[in-house]
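Enquirer: this one's sequence-less:
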Ligand code: FES
């Protein structure tokens, strides 16, 4: 199965609004998910310029799912939904 | 000069005698742009600490002014010697000096008093110029040496205080200290291994090596080394901000492809533009966040030497440059500062489109306008670090 791609935005807006705390997602991933996801950093995803996506920090999953005001918990929850 | 002529890189590495709080050697340099002239002065004040620092600083300041105003050498030196305060303990007033006056076309005049004789390296060899000696009637025991020659591209001039030449004094390997010859040999070895080593790096290597000759790795005296390098300029372009008109995105991309020198992109949007135009991928190693400090981590793209976040990183770099504190910086800022320091000619390419996201009142920090911060960086790089800087807005 292809890995779930998780992009954490580390652009200016996301960074100052807390993206740096998201780096630890990897550590908090439940064991069974660890080899199913690939986590990378990304430049500004362009979402912060458009209020319709909600507030930064943003995480993008599989190029399409957008988690706004992302926290470690909310991102892991999204990932869990995909695995089910 | 324009960016393609020989660039004159002048750097000095100084270390304070272990246990003192200020350096008793002083170094000053200016670039007089309208005359295409550089003047550099290194002085070593008698003793160490505040007193020495004062003597040396007064000497460099006066010497620089007199030379800049083209005053005659002997009277200038007399004024310096007359003016220095007399040390109560030793009943003398004293500071050595070496003055380097570099005129347009590479004509060099060196005026020395009591510092170790300067080294002029050409193709790895120490060119030994004959110095003309001058003696003041007032101060018959202070001899001035005046040397004149023409420097060519690739030449280096090295001058140090006796903290370098006397390093290791009394040790079995260096009974009489490292001496000029020992230092010369070391410098020749460094250059043989690294032919284009910068003035900054060479000066640093020499002071560090001098320290290693001393017992317990201490600086037993104030230790200064100045290097002047007549070099082909090292160029760097820094692109930041999206162009106001999108048609100019192509110009940005072309610059990245054709620039002869290093390229830095500051800003996610800028990087995304280049990535799109050149169809090259950007990768960000998330692992770096951990060691990135309070800035977003740098990312990578083929053909680009460094990609950083924009405004936060530039602000941090500006602050560091202004304070002269170039170490212990967050990763991206430290990489960028290093690259700036290791360049002679810096082209700042600024896109002026305003980033709407930064106008968001919810942001917890004040993000300055890119244009202002870049202008400030230019000013500091020119004034404080003697770089040649251009700015272009799109
Ligand atoms: S900075 Fe994250 S979407 Fe713009």
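Expert: Received it, and whenever you're ready, just let me know what you need. From a predicted model like this one, the values you see are computed outputs, not experimental measurements.

Enquirer: any chance you could map the strands in the stretch 251-394 of chain B?
Expert: With DSSP state E, counting those that start in this stretch as the criterion, the stretch 251-394 of chain B has strands at B:262-266, B:283-284, B:299-301, B:304-308, B:345-350, B:388-393.

Enquirer: run a quick neighbour tally on residue 57.
Expert: This is for chain A. Applying other C-beta atoms under 10 Å in any protein chain shown, we find 26 residues neighbouring residue A:57. All C-beta atoms are positioned from the backbone trio N, CA, C, and that covers glycine.

Enquirer: please go with chain B instead
Expert: For residue B:57, the neighbour count with other C-beta under 10 Å is 20.

Enquirer: what does chain A have sitting close to chain B?
Expert: Neighbours of chain B within chain A, by C-beta under 8 Å from any C-beta of the partner chain: A:8, A:10-13, A:15-17, A:19-20, A:23, A:39-44, A:46, A:48-49, A:55.

Enquirer: which other helices and strands does the lengthiest helix in chain B contact?
Expert: Taking DSSP state H as the criterion, chain B has its longest helix at helix B:49-68. Here helix B:49-68 touches strand B:25-32, strand B:37-45, helix B:73-83, strand B:95-102, going by 3 or more C-beta pairs under 8 Å, 6 or more residues apart in numbering or on different chains; DSSP states H and E.

Enquirer: next one: residue B:394 from residue B:188, what distance?
Expert: In this view, residue B:394 and residue B:188 are 46 Å apart by C-beta to C-beta, to the nearest Å.

Enquirer: just the pLDDT at residue B:49, thanks.
Expert: For residue B:49, the pLDDT comes out at 88.

Enquirer: spatially nearest residue to it, not counting backbone neighbours?
Expert: Residue nearest to residue B:49 in three dimensions, not counting chain neighbours: residue B:20, with 5.0 Å by C-beta to C-beta, 6 or more residues apart in numbering or on different chains.

Enquirer: what's the local residue count around the one you found?
Expert: 17.

Enquirer: before we move on, what about residue B:61?
Expert: That count, for residue B:61 with other C-beta under 10 Å as the rule, works out to 15.

Enquirer: now it: how far from the ligand?
Expert: Distance of residue B:61 to the ligand, computed by C-beta to the nearest ligand atom, to the nearest Å: 48 Å.

Enquirer: contacting residues for that residue?
Expert: Contacts of residue B:61 were listed using C-beta atoms under 8 Å, 6 or more residues apart in numbering or on different chains, and they are residue B:28.

Enquirer: again, only this time at 10 Å
Expert: Shown in contact with residue B:61 (C-beta atoms under 10 Å, 6 or more residues apart in numbering or on different chains): B:26, B:28, B:41, B:43, B:80.

Enquirer: let me know the pLDDT of it.
Expert: 96.

Enquirer: try the one 10 residues further on
Expert: The model reports residue B:71 with a pLDDT of 94.

Enquirer: just the helices in chain B please.
Expert: Assigned by DSSP H, the helices in chain B fall at B:49-68, B:73-83, B:162-165, B:179-193, B:199-213, B:249-258, B:268-278, B:311-323, B:331-341, B:370-383.

Enquirer: count the residues that sit near residue A:33.
Expert: By other C-beta under 10 Å, 15 other residues sit near residue A:33.

Enquirer: wait, doesn't it sit right on residue A:76?
Expert: Yes: taking C-beta atoms under 10 Å as the definition, residue A:33 is a contact partner of residue A:76 at 7.7 Å.

Enquirer: for chain A, what is the nearest residue in the stretch 101-250 of chain B?
Expert: residue B:242 (10.7 Å; C-beta to the nearest C-beta).

Enquirer: how many neighbours does residue B:277 have?
Expert: Residues contacting residue B:277 under the criterion other C-beta under 10 Å number 16.

Enquirer: now it: how far from residue B:255?
Expert: Plainly put, residue B:277 is 11 Å away from residue B:255 if you go by C-beta to C-beta.

Enquirer: mean confidence for the helix or strand residue A:6 falls within?
Expert: Using DSSP states H and E, residue A:6 maps to strand A:4-9. What strand A:4-9 shows for mean pLDDT is 92.

Enquirer: now do it: which elements does it pack against?
Expert: Strand A:4-9 is packed against helix A:12-16, helix A:25-28, strand A:37-42, strand A:59-61, strand A:65-67, helix A:72-83, strand B:283-284, with contacts defined by 3 or more C-beta pairs under 10 Å, 6 or more residues apart in numbering or on different chains; DSSP states H and E.

Enquirer: what mean pLDDT does the fifth one have?
Expert: In this model, strand A:65-67 carries a mean pLDDT of 93.

Enquirer: what do you get for the longest one?
Expert: On average, the pLDDT along helix A:72-83 is 91.

Enquirer: next, the angle strand A:37-42 makes with that helix.
Expert: Inter-element angle recorded for helix A:72-83 and strand A:37-42: 130 degrees (by axes from the mean of the first three to the mean of the last three C-alpha atoms, to 10 degrees).

Enquirer: contacts for helix A:72-83?
Expert: Taking C-beta under 10 Å, 6+ apart as the rule, helix A:72-83 contacts A:1, A:4, A:6, A:8, A:21-30, A:32-33, A:36-37, A:39, A:57, A:59, A:61-62, A:65-68, A:70-71.
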